[in-house]
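>>> predicted model and sequence follow; I will ask about them next.
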Amino acid sequence: MTLETDFPQNPTQPSLRYAVSTQMPLALPWTNAYIQVGKCLLESQGSQFRFGEEEMAFGMDSLLATPLIYTETRTGVVNQATVSGSSNSHRDLSADIAGSIGGSVMGGSARGQYSKNSNQDESHNKASVHTSFRCGKVTLAHFPSLSEDATRILRTSDDPCAAFRDKFGDYFVGGYILGGTNSTVMWGTGASQGESERLDISFEVHLLFLSYEDSIKKNDDNYSSAGAANLAAFDSLDAYQAKVEASNYGSYRTAVETSIANRQRGAELQGRVLAKLKSLDLGPSGSQLPWEKCDELCRSGLVLELLMLPWAGLRDYRDAICAPRE
């Protein structure tokens, strides 16, 4: 892997291979499920991640003997955005009609107007509010030693990096980032179309000594409109997620009420996160946590992201690769 070959085609989209090339730490969004610090990240496809079940590159005794340290932080971000747009098209068609015929027996004339108008309007709107608050992190006090199996692969394989990656992946769970996030996104589209058609013709016919006059009139108007609204709401601390598709008054009211309720959760996010943190009793910043605390911590919903670290950044990894081949 090189920076040239692994640079993503779309730089705005995250690329695991590019991150590995630069040996950058990653922060993966997480749910309220337990995952052990030290787990291997074997595969990443889009937003789907697969962690190792039995694979463990660290020696288990060394891993569990490594202290877990809680560090307090206080950072919050609120982003609000509104986007709207509209388009309009209008077409007019009009014509004057006139004609006459004449002869010794029959003659006649006609005169009138014809018009057709159409108008189409389209609009779209999107509003979003995203709130996040980070209150701390839990990390390893130092890196454990690699297992005998992991060290053997690095020292004896013809291509040690590829062989290690095939079994243990490129990253491992190096810790937990604590906090919460809340987002509410509502968007809608609307369209209307109107059409009118007018025809007004008067005519006169002469036959010998007789004459006849009449007219044709037509007035047609058509109008149609359609609209839809959608809502997506999420709150990590409560493991809450909602989607509403609104196409009538009842569903639109549900979308609005859901939006208001979730935005209220977002407004109270910092207080909710700190209350949850206090209930877990992690102690002051710098406290050492027992490994058994990880399960309670994960299932509380307070683990906002997993701190992912590259194996290539470990001294044991580099030393094993640079050692004479066995």
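Nice, I can see it. This is a predicted model, so every value here is computed, not measured.
>>> for Gly38, which three-state class applies?
coil (DSSP: H, G, I helix; E, B strand; the rest coil).
>>> so it makes contact with Met56?
Yes. Gly38 lies in contact with Met56 (Cβ atoms under 8 Å); the separation is 6.6 Å. C-beta coordinates here come from the backbone N, C-alpha and C atoms, glycine included.
>>> give me the more crowded residue out of those two.
Neighbour count, other Cβ atoms under 10 Å: between Gly38 and Met56, Gly38 has more, with 22 against 19.
>>> low-scoring stretches of the stretch 101-250 of the chain, by residue?
101-108, 203, 205-210, 212 (pLDDT under 70).
>>> what do Gly38 and Met56 both touch?
Residues touching both Gly38 and Met56 (Cβ atoms under 8 Å, 6 or more residues apart in numbering) are Leu63.
>>> now the biggest strand by length in the chain: buried residues?
Scanning the chain for the strand with the most residues, using DSSP state E, yields strand 171-207. Along strand 171-207, these residues count as buried under the neighbour rule (16 or more other Cβ atoms under 10 Å): 171-188, 199, 201, 203, 206.
>>> list the neighbouring strands of it plus their orientation.
strand 40-45 (antiparallel), strand 106-140 (antiparallel), strand 210-235 (antiparallel), strand 303-310 (antiparallel) (DSSP bridges).
>>> Serialize those strands to a markdown table and add fields for distance to Leu274 and mean neighbour count.
As requested, the strands paired with strand 171-207 are exported to a markdown table (distance: least, Cβ to Cβ, whole Å; neighbours: other Cβ atoms under 10 Å):
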| stretch | distance to Leu274 | mean neighbour count |
| --- | --- | --- |
| strand 40-45 | 30 | 18 |
| strand 106-140 | 6 | 17 |
| strand 210-235 | 16 | 13 |
| strand 303-310 | 14 | 22 |
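>>> same list, those, but as CSV with distance to Lys293 please.
Listed next are the strands paired with strand 171-207 as CSV, based on distance: least, Cβ to Cβ, whole Å:
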stretch, distance to Lys293
strand 40-45, 22
strand 106-140, 8
strand 210-235, 24
strand 303-310, 12
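>>> list the contacts of stretch 31-42.
Around stretch 31-42, the neighbours that count as contacts under Cβ under 8 Å, 6+ apart are 28, 49-52, 55-58, 63, 68, 138, 140, 144, 168-176, 236, 239, 294-295, 298-301, 303, 306, 308.
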